[in-house]
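> Return a 3D structure for these sequence lines:
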Amino acid sequence: MDYKKAFRIFKKLAQTGDAEAWNALGMIYHLGLGVEKDDEKAARLFHEAYNRGYAKGAYNLGLAYKYGHGVPQDFDRAFEWFVYASFAGYEWTDYAIGYCWYKGQGVIKQRYDMAVDCFRKGAGKGDAACMYHLGYCYFKGYGVERDVALGKYWMEKAMEKGLTKAVDFMTYIDDLDTFGTEKVTLRSSMTDPLREVVPDRYPVSVTHDIPTAVDGEWEGKIIIYDWSGERIEEEIPLSASFKLEEGNLQGTWIQNDTTYTELNISVTDTAWNFNSMHLDVKRPTVIKEGHFSHRNTENGEYLTGTVVSYSELTREYTEPTFVALRKVSDVTSLLLTETGKDMLRAFPNPFSDHLTVVFTLEKAQPVSIQLFNISGKRIYTSESIPASAGINEVEVPVFSMARGTYLLKLQGENIRKTISVIKE
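Just a heads-up that it's a prediction; the model follows:
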């Protein structure tokens, strides 16, 4: 194997007008085989290959736009180039085009039925990825009538092709016969106070009523819809705190009571811009912006809206996501202004072999103490502590903790407070 020699041969062939050689040079620069990796040059070479009549050049250029390799990431342009490749005669575009329809990337409107048509064509040609997605659509009833038998059939076909994702799916799904059936959701719960503010489907447009009077503690859920926005796929418990200071919202964001992130949100006339809002839930995710509205009803004060999230792993926007929060307290009312001191302290800080947490309550109540590492993972939760009114002291076990910075959270009926502590 000699990549440099291969490069020289392809370069000579390209100079003679060989369109496939132009595409091969693009792959060499994209992968950095025998040359310095250069995605911008690769994209230009793919374009030249297509101009000279090599259809796969258009397909590779579509991938470049899809992932932002050497060109600005642009799902609209990616879809266009996949279609060009198909019209030019490249037969392995079914998965790429179907995937765009499946997630609504670069198309006017997301459509499962169009995706299924593409996956079915690709599966007939032996494309394992198309087999997997066709099986998944049958399991979920996306674009077709739900059919467990056909779901299993196509998943097993993908497994026979060696597709790891299909093997994982068939191995780790506990009950294939019930997988994909719609779960009992928040919308069907008559007792959940959030029920009245969660829409039947994902909003087709977002609100621009950007609230600023949101200081306080909020609890609710992140509602994740399917790609069509027509059914709820997952509900994630969420608690958040906000405090507006000089045009920025500071606070905390805790998902599933396990993933903790500090907030720094720039508030504009049209959106909340989440600055460096990274979450590590299933996959590394960045929340980029949110569009919220504030309302009061007979059942309480609500903050609802949409958030735009981006997966750094797949380099794609994630599923349609709606946030519904109900106010549970005002942050300012929790501060003990009589002493002028924080209600929560820890010492020594930094600490080494022991850590004492000191906090003050206005009234007796059970509380809990939690510790999160800097990536937001919860590493310690105390049992319920029957705290009294006034000053309380609690020892936190720290002997097994690694050195570093941690976030300590105190939570009770009417107290939610967080401070940072350092283990030496």
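> drop to CA atoms for contacts and neighbour counts, all remaining ones
OK.
> Report how many residues lie close to Tyr99.
Tyr99 has 22 neighbours, counted by other Cα atoms under 10 Å.
> Offset the numbering so it begins at 34, please.
Done: numbering now begins at 34, and the last item shifts to Tyr132.
> Run through the residues that contact it.
138, 148 (Cα atoms under 8 Å, 6 or more residues apart in numbering).
> Which helix or strand contains it?
Element membership for Tyr132 (DSSP states H and E) is helix 127-136.
> Check which element follows that helix along the chain.
helix 145-157.
> Could I get the average pLDDT for stretch 301-316?
Taken as a whole, stretch 301-316 has an average pLDDT of 72.
> In contact with Lys154, which residues?
By Cα under 8 Å, 6+ apart, the residues touching Lys154 are Asp127.
> what pLDDT does it get?
Reported pLDDT for Lys154: 98.
> Likewise for Asp375?
For Asp375, pLDDT reads 45.
> Low-confidence ranges, the stretch 334-457 of the chain, go.
364-376 (pLDDT under 70).
> oh, I was asking about the stretch 134-283 of the chain
For the stretch 134-283 of the chain (pLDDT under 70), the answer is 217, 220-221, 223, 237-245.
> can you give me the angle the helix holding Tyr132 makes with helix 145-157?
Angle, helix 127-136 to helix 145-157, by axes from the mean of the first three to the mean of the last three Cα atoms, to 10 degrees: 160 degrees.
> buried set for helix 127-136?
With burial defined by 16 or more other Cα atoms under 10 Å, the residues of helix 127-136 counted as buried are 127-136.
> Return the distance of it from the chain's centre.
20 Å (Cα atoms, centre = their mean, to the nearest Å).
> and that helix, C-alpha only, in CSV?
The C-alpha trace of helix 127-136 is given here as CSV (Å, rounded to 0.1, in the frame of the first residue of the first chain):
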residue,chain,number,x,y,z
ASP,A,127,-31.6,5.9,-1.7
TYR,A,128,-30.4,6.0,2.0
ALA,A,129,-29.1,9.6,1.8
ILE,A,130,-32.3,10.9,0.2
GLY,A,131,-34.5,8.8,2.4
TYR,A,132,-32.7,10.0,5.5
CYS,A,133,-33.4,13.6,4.5
TRP,A,134,-37.1,12.9,4.2
TYR,A,135,-37.0,10.9,7.5
LYS,A,136,-35.6,13.8,9.5
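> so Ala52 sits right up against Gly86, yeah?
Yes - because the distance of 6.5 Å satisfies Cα atoms under 8 Å, Ala52 is recorded as touching Gly86.
> In terms of neighbours, single out the busier of the two.
Ala52 (23 against 15).
> The closest residue to His102 other than its chain neighbours: what's it in contact with?
Excluding its sequence neighbours, the residue lying closest to His102 (Cα to Cα, 6 or more residues apart in numbering) is Asp72, at 5.6 Å. Asp72 makes contacts with 62-63, 102-104, as judged by Cα under 8 Å, 6+ apart.
> Pop out the phi and psi values for Asp72.
Main-chain torsions, Asp72, degrees, to the nearest 10: phi -70, psi -30.
> now Asn382
According to degrees, to the nearest 10, Asn382 has phi -150, psi 100.
> can you count the residues close to it?
15.
> looking at it, it is touching Val454, isn't it?
Yes - the pair Asn382 and Val454 qualifies as a contact (Cα under 8 Å) at a distance of 6.0 Å.
> Could you list the buried residues of the helix or strand where Phe405 lies?
Applying DSSP H and E as the criterion places Phe405 in strand 398-406. Across strand 398-406, burial judged by 16+ other Cα under 10 Å covers 398, 400-406.
> Which members of those are the farthest-apart pair?
The largest separation in the buried residues of strand 398-406, counting by Cα to Cα, is between Gln398 and Asn406 at 26.5 Å.
> Reduced to three states, what does Ser119 come out as?
helix (DSSP: H, G, I helix; E, B strand; the rest coil).
> quick one: the residue lying closest to it once chain neighbours are set aside from Gly155, how far?
Closest residue to Ser119 apart from its sequence neighbours, by Cα to Cα, 6+ apart: Thr126 at 6.0 Å. Distance of Thr126 to Gly155, given as Cα to Cα, to the nearest Å: 8 Å.
> Downstream of the strand holding Phe405, the next helix or strand is which one?
Using DSSP H and E, the next helix or strand after strand 398-406 towards the C-terminus is strand 411-414.
> mind listing the helices for this structure?
Under the criterion DSSP state H, helices of the chain are mapped to 36-48, 52-64, 72-84, 88-100, 108-120, 127-136, 145-157, 161-173, 181-193, 197-205.
> Need the mean per-residue confidence for the fourth one.
Translated: helix 88-100. 98.
> For that helix, report the contacting residues that lie outside it.
56, 76, 79-83, 102-108, 110-115, 117-119, 121-123, 126, 348-349.
> same thing with the last one?
Outside of helix 197-205, the residues within contact range by Cα under 8 Å, 6+ apart are 165, 188-189, 191-192, 209.
> For it, C-alpha coordinates in CSV please.
Output of helix 197-205 as CSV, limited to C-alpha atoms (Å, rounded to 0.1, in the frame of the first residue of the first chain):
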residue,chain,number,x,y,z
THR,A,197,-23.7,-3.2,14.0
LYS,A,198,-26.6,-0.8,14.7
ALA,A,199,-29.0,-3.5,13.7
VAL,A,200,-27.3,-6.1,16.0
ASP,A,201,-27.5,-3.7,18.9
PHE,A,202,-31.1,-2.9,18.2
MET,A,203,-32.2,-6.6,18.2
THR,A,204,-30.0,-7.4,21.2
TYR,A,205,-30.9,-4.6,23.6
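> Thanks a lot, see you next time.
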